[in-house]
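**Q** this one's structure only:
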């Protein structure tokens with residue numbers, strides 16, 4: 001099974017389209033998005049959300065998705081109804097509905113692996129996180145494979161036989177990457193969405209972590 005992983009779009013429709021085109025060239029079976037679909041006041045977030053919805057791509061809630069919902073509600077309550085720019089600063093109703101129903105986490109059982117998807121604001125991990133933190137979060141998440149976004153840093157960490165993966169961000173302000181996870185062999189490959197070439201992610205191995 002080949003799973004395409006995208007994250008942190010930040011309203012950049014072109015980046016999303018490039019990532020999707022690359023993944024489809026690799027004949028993936030499923031695409032998952034780790035959130036941050038939109039960005040307050042910039043880009044083409046409505047179109048990005050519409051494309052994910054049209055393609056029925058499962059997605060979790062990112063912090064910028066949550067901020068945008070709050071911003072939208074604040075404008076509805078406090079914005080000047082006579083301001084001709086107000087509508088252009090609001091999310092489209094269908095975008096608001098799409099974001100509002102995004103879950104915090106997704107859980108799958110694939111190839112006898114408990115796979116948990118989250119943006120990373122609940123469980124923020126980056127290459128500099130302490131080994132014991134990786135171990136504890138994997139235990140809390142009840143995951144054999146935990147897939148996160150948020151940091152924009154592609155990462156593959158083996159923690160005592162379990163995994164934390166991050167495909168990076170499709171955004172120009174991020175790594176401009178996506179990834180493919182192949183199961184059951186747990187092969188994780190990160191790709192540059194512009195060149196299509198393989199990118200070397202941060203690779204970390206923690207074979208044995210003593211409790212503190």
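**A** Received the coordinates, thanks. Owing to the predicted nature of the structure, the values given are computational and were not obtained by experimental measurement.

**Q** tell me which stretches of the protein form helices.
**A** Applying DSSP state H to the chain gives helices spanning 13-25, 45-54, 63-78, 86-89, 93-100, 131-141.

**Q** weakest of those helices in terms of mean pLDDT?
**A** In terms of mean pLDDT, the lowest-scoring of the helices of the chain is helix 86-89 (a mean of 77).

**Q** now that helix: buried residues?
**A** By neighbour count with 16 or more other Cβ atoms under 10 Å, helix 86-89 contains no buried residues. All C-beta spots, glycine's among them, are computed from the backbone N, C-alpha and C.

**Q** show me what it is packed up against.
**A** Helices and strands touching helix 86-89, as assessed by 3 or more Cβ pairs under 8 Å, 6 or more residues apart in numbering; DSSP states H and E, are absent.

**Q** rewinding a little: for the helices of the chain, give me TSV that also has distance to residue 194.
**A** As requested, the helices of the chain are arranged in TSV below (distance: least, Cβ to Cβ, whole Å):
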stretch	distance to residue 194
helix 13-25	7
helix 45-54	18
helix 63-78	22
helix 86-89	29
helix 93-100	26
helix 131-141	30
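
**Q** figure out which of these is closest to residue 119.
**A** Closest to residue 119 of the helices of the chain is helix 63-78 (Cβ to Cβ; 6.7 Å).

**Q** where in the protein is pLDDT low?
**A** Of all residues in the chain, those with pLDDT under 70 make up the ranges 41-42, 212.

**Q** give the residue farthest from the middle of it.
**A** For the chain, the C-alpha farthest from the mean C-alpha position belongs to residue 82; by Cα atoms, centre = their mean, that distance is 36.9 Å.

**Q** ok, now how distant is that one from residue 90?
**A** From residue 82 over to residue 90 the distance is 15 Å, taken as Cβ to Cβ, to the nearest Å.

**Q** count of neighbours near the spatially closest residue to residue 177 that is not a sequence neighbour?
**A** Distance criterion Cβ to Cβ, 6 or more residues apart in numbering; nearest residue to residue 177, sequence neighbours excluded, is residue 168 at 3.8 Å. One way to gauge burial is a neighbour count; for residue 168, by other Cβ atoms under 10 Å, it gives 29.

**Q** settle this for me: residue 168 is touching residue 201, isn't it.
**A** Yes - because the distance of 7.5 Å satisfies Cβ atoms under 8 Å, residue 168 is recorded as touching residue 201.

**Q** show me what contacts the residue most central in space within the chain?
**A** When the chain is reduced to its mean C-alpha position, the nearest residue by Cα atoms, centre = their mean turns out to be residue 34, at 2.0 Å. By Cβ atoms under 8 Å, 6 or more residues apart in numbering, residue 34 lies in contact with 5-8, 59-60, 62, 117-120, 147-150, 166-167.

**Q** and residue 2, by the same measure?
**A** Residue 2 sits in contact with 26-30, 180-182, where contact means Cβ under 8 Å, 6+ apart.

**Q** perfect, I'm done here.
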